[in-house]
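>>> After the sequence you'll find the predicted model.
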Amino acid sequence: MENPERVSGLWMKKSVPRATCPCFPEEIMKKVAIIGAGLSGLSTAHAVERQAAAAGIDVAVTVFERDERTGGKIWSIKEEGYLCEWGPNGFLDSKPMTLELCDQLGIRDQLERSNDNARKRFIYSGGILNRLPENGPMFLKSKLISWPGKIRLAQEFIKPKRTDGVDETLAEFARRRLGPEALDKLIGPMVSGIFAGNPETMSLKSCFPRIHELEQEYGGLLKAMIKLAKQKKAEIKAGKQVASAAGPGGVLTSFVGGIQELTDATVKGLKGKVQTGSAVTGLKPVSGGWELELADGGKFDADIAVSAAPAHILKDLVTPFDETLSGLIAEIPYAPMNVICFGYEQGKIARDLDGFGYLIPKKEGCAILGTLWDSSIFPQRAPEGHVLLRSMMGGATNPDAIGLSDAEVKQRTMAELKKIMGIVVEPDFVRVFRHQRAIPQYVVGHADRLVAIDDSLKKHPGLILTGNAFFGIGLNDCVNAANQAADQVVSCLKKND
Ligand SMILES: Cc1cc2nc3c(=O)[nH]c(=O)nc-3n(C[C@H](O)[C@H](O)[C@H](O)COP(=O)(O)OP(=O)(O)OC[C@H]3O[C@@H](n4cnc5c(N)ncnc54)[C@H](O)[C@@H]3O)c2cc1C
């Protein structure tokens, strides 16, 4: 996602000058408290220490984490020779932020790129797994989209661009430009694969700002693809190194020991403290800073408080001093999700696991959103001679799935693995993980909400918000937002030095 410049506690469009940053007038700010030790909180702590050191500012950072472990959604669980990711299984190497963090932590040589043979992605439709077409000739041959659907998709070229500035849902955008079949079979599954979201409510502008920009800049997606491909060719001819211009692209990247190596290394690299098992239960503006109340009854005074906690926690923390701000934050909903890991003996699976996995259009009426072939993506995730599959169930289109018992979740997932992949044997290994609030949903109105939140924050100098609820849910987005939060902390510290 593109990165507007932060100006107050959150961020605003690039056109707003940084000079509006509200900072404390008198004291040198030294104590920085960070709420939440997920990737957002930890990488903010790392960036604050790094940037403060570069500016010659002495800063003491303390990260408060509710759970007994750090990492938040990141948790790589090793059991019986399987490596199961509770949450994310990696980041894309097409953006620099997380790679730069790895460089700074000295762990770049430990990165593991996903397997080249696992690039193929599938969509379950019409009773079969259809390979997702990657180019024009593949698209024409593919049975995934019918001929009328293909013709409708090709008409995207002549559809006028929307110019009324309306914050459209992903479904409205897809129906308008690409047609209903592309919405069902391409856009819907993509939205559930990334956000566990519902395209009928999610904002195009906030979820996929690049797609919105391509329409505005080039008049349409096909026009943009053609122009950008030409541009890329010319740049390659001129000897320039170019990345893919249109989509996110990139290679899914993790570590041999799982993505948790990233947050573990960030904790290890910090000079400051990370207090686990220490939930922040209250946040109070006090003269010259912020007072944090902790679950054990303790208090902590800080010059700057950075929240990297989820929106549903943050809203309660701000209610006592700003109900409007709390109300705005409360409008960011979350989708729940079950993650189900299955280990099988490889020889007992008839199908070749020659790809990344598959997603399922809502119209297929399945309980699961899709399945990742984790041990094909990262080969060392299962013991020798075994495979690891990871299915996702629930999301914004099927929120009740979070209420199913483990036995029901297992049974429904196995029934679908049988129907879709022909797996009839019992798994050797099963784990069901729960995310009551898995992923924040950037529903229509999200961009305006961010502006209003930013406005409210101007009344609360020294309170800075970051985390995946606001400006991107990908790990790269979290690190990027953390860097911007740290910029703001350090510029306030500098201003008052
Ligand atoms: C199943 C799943 C799969 C995903 N897959 C990918 C993927 O492959 N690639 C990708 O880029 N992204 C993926 N994501 C998204 C990504 O994992 C998240 O957006 C990211 O990890 C969020 O990090 P965060 O630090 O902002 O939030 P969190 O990880 O949620 O961290 C917030 C922290 O705040 C703590 N906290 C809460 N309340 C308090 C309190 N009162 N006091 C102190 N601490 C508190 C929590 O315990 C938690 O540790 C996935 C997400 C899920 C759920």
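The structure has been received and is ready for your questions.

>>> how many other residues sit next to His46?
His46: 26 surrounding residues under other Cβ atoms under 10 Å. Backbone N, C-alpha and C define where each C-beta goes, glycine included.

>>> and the nearest residue to it once chain neighbours are set aside, what element?
With sequence-adjacent residues excluded and distances taken as Cβ to Cβ, 6 or more residues apart in numbering, His46 is closest to Thr266, at 5.3 Å. Using DSSP states H and E, Thr266 sits in helix 260-269.

>>> So which bits of that helix are buried?
If you call a residue buried by 16 or more other Cβ atoms under 10 Å, then helix 260-269 has these buried ones: 260-267, 269.

>>> cool, stretch 343-352 as well?
Applying 16+ other Cβ under 10 Å to stretch 343-352 flags 343-344, 349 as buried.

>>> which residues are contacting that stretch?
If you take Cβ atoms under 8 Å, 6 or more residues apart in numbering as the criterion, stretch 343-352 is touched by 80, 82, 382-383, 385-389, 421-423, 425, 427-430.

>>> I figured the residue nearest to His46 hits Leu105, correct?
Yes: Thr266 is within contact range of Leu105, at 6.4 Å (criterion: Cβ atoms under 8 Å).

>>> anything in contact with each of these two?
Listed contacts common to Thr266 and Leu105 are His46; contacts here mean Cβ under 8 Å, 6+ apart.

>>> Over to Pro333: give its phi and psi.
For Pro333, the backbone dihedrals (degrees, to the nearest 10) come out as phi -80, psi 170.

>>> go on, the one 3 residues further on?
Backbone geometry at Pro336, expressed as degrees, to the nearest 10, gives phi -90, psi 160.

>>> Now it. Nearest residue, chain neighbours left out?
Residue nearest to Pro336 in three dimensions, not counting chain neighbours: Ile402, with 3.8 Å by Cβ to Cβ, 6+ apart.

>>> just Gly193 next, same as before
Excluding the flanking residues, the one nearest Gly193 by Cβ to Cβ, 6+ apart is Leu359, at 4.8 Å.

>>> For the one you found, list the residues it contacts.
So Leu359 contacts 121-124, 189-190, 192-193, 369-370 (Cβ under 8 Å, 6+ apart).

>>> And Phe255, how far from the ligand?
For Phe255, the distance to the ligand equals 13 Å [Cβ to the nearest ligand atom, to the nearest Å].

>>> ok so, going back, look at the residue nearest to Pro336 and say how many residues are nearby.
19.

>>> can you pull the contacts of the residue lying closest to Leu83 once chain neighbours are set aside?
Leaving aside its sequence neighbours, Leu83 sits nearest to Arg381 (Cβ to Cβ, 6+ apart; 4.6 Å). Shown in contact with Arg381 (Cβ under 8 Å, 6+ apart): 82-84, 374-375, 388.

>>> quick one: which two of those residues are the most distant?
Cys84 and Ser375 (10.7 Å; Cβ to Cβ).

>>> Identify the contacts common to those two.
Listed as contacting both Cys84 and Ser375 by Cβ under 8 Å, 6+ apart are 381, 388.

>>> just to revisit the earlier point, nearest to the ligand among the contacts of Leu359?
Gly193 (9.3 Å; Cβ to the nearest ligand atom).

>>> and that closest one, backbone torsions?
Main-chain torsions, Gly193, degrees, to the nearest 10: phi -70, psi -30.

>>> does it really touch Gly370, like I thought?
Yes: if you go by Cβ under 8 Å, Gly193 and Gly370 touch, sitting 6.1 Å apart.

>>> Pull up the residues of this structure that are close to the ligand.
Selection of the chain residues close to the ligand by Cβ under 6 Å from any ligand atom yields 35-41, 64-67, 72-74, 87-91, 279-280, 308-310, 313, 337, 339, 435, 438-439, 467-468, 473-475, 478.

>>> can we see that at 5 Å?
Within the chain, the positions lying close to the ligand (Cβ under 5 Å from any ligand atom) are 35-36, 38-40, 64-67, 72-73, 87-89, 91, 279-280, 309, 313, 435, 438, 467-468, 473-475, 478.

>>> among the residues you listed, which ones are buried?
Among those, those classed as buried by 16+ other Cβ under 10 Å are 35-36, 38-40, 64-66, 72-73, 87-89, 91, 279-280, 309, 313, 435, 438, 467-468, 473-475, 478.

>>> Tell me which of those residues fall in strands.
By the criterion of DSSP state E, membership of these in strands covers 35, 64, 91, 280, 435, 438.

>>> OK, contacts around the first one?
Yep, that's Ile35 we're talking about. Contact analysis of Ile35 by Cβ under 8 Å, 6+ apart lists 41, 64, 280, 283, 292, 305-309, 314, 317.

>>> switch to 6 Å and redo it
Taking Cβ atoms under 6 Å, 6 or more residues apart in numbering, we find Ile35 in contact with 64, 280, 307, 309.

>>> who's in contact with the second one?
Taking Cβ under 6 Å, 6+ apart as the definition of contact, the neighbours of Val280 are 35, 64, 292.

>>> Just list whatever residues bridge to it.
On the basis of DSSP bridges, Val280 is bridged to Leu294.

>>> just to revisit the earlier point, include distance to Lys161 and pLDDT when you put the buried residues of helix 260-269 into CSV, please.
Formatted as CSV, the buried residues of helix 260-269 follow (distance: Cβ to Cβ, whole Å; pLDDT from 0 to 100):
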residue, distance to Lys161, pLDDT
Gln260, 43, 98
Glu261, 44, 98
Leu262, 39, 98
Thr263, 41, 98
Asp264, 46, 98
Ala265, 44, 98
Thr266, 42, 98
Val267, 46, 98
Gly269, 46, 98
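
>>> quick check, nearest of these to the ligand?
Distance to the ligand across the buried residues of helix 260-269 (Cβ to the nearest ligand atom) is lowest for Thr263, with 8.7 Å.

>>> wait, that closest one sits on Ile74?
Yes: here Thr263 lies in contact with Ile74, judged by Cβ atoms under 6 Å, at a distance of 5.0 Å.

>>> Spit out the residues that contact the two alike.
Both Thr263 and Ile74 are in contact with Leu39, where contact means Cβ under 6 Å, 6+ apart.

>>> OK, contacts around whichever residue of the stretch 51-200 of the chain sits closest to the ligand?
Relative to the ligand, the nearest point of the stretch 51-200 of the chain is Gly72 (2.1 Å; Cβ to the nearest ligand atom). Applying Cβ under 6 Å, 6+ apart to Gly72 gives the contacts Gly38.

>>> Gly467 is in contact with Ala481, correct?
No: between Ala481 and Gly467 there is no contact under Cβ under 6 Å: 7.3 Å.

>>> how about the helices in the stretch 151-300 of the chain?
In the stretch 151-300 of the chain, the helices defined using DSSP state H, counting those that start in this stretch lie at 170-177, 180-182, 188-195, 204-207, 209-218, 221-237, 260-269.

>>> any low-confidence regions in this protein?
For the chain, the stretches flagged by pLDDT under 70 are 1-29, 240-248, 496-497.

>>> so what's the backbone phi/psi at the closest residue to Lys459 other than its chain neighbours?
Of all residues not flanking Lys459 in the chain, Asp322 sits nearest, at 7.0 Å (Cβ to Cβ, 6+ apart). When read as degrees, to the nearest 10, the backbone of Asp322 gives phi -160, psi 90.
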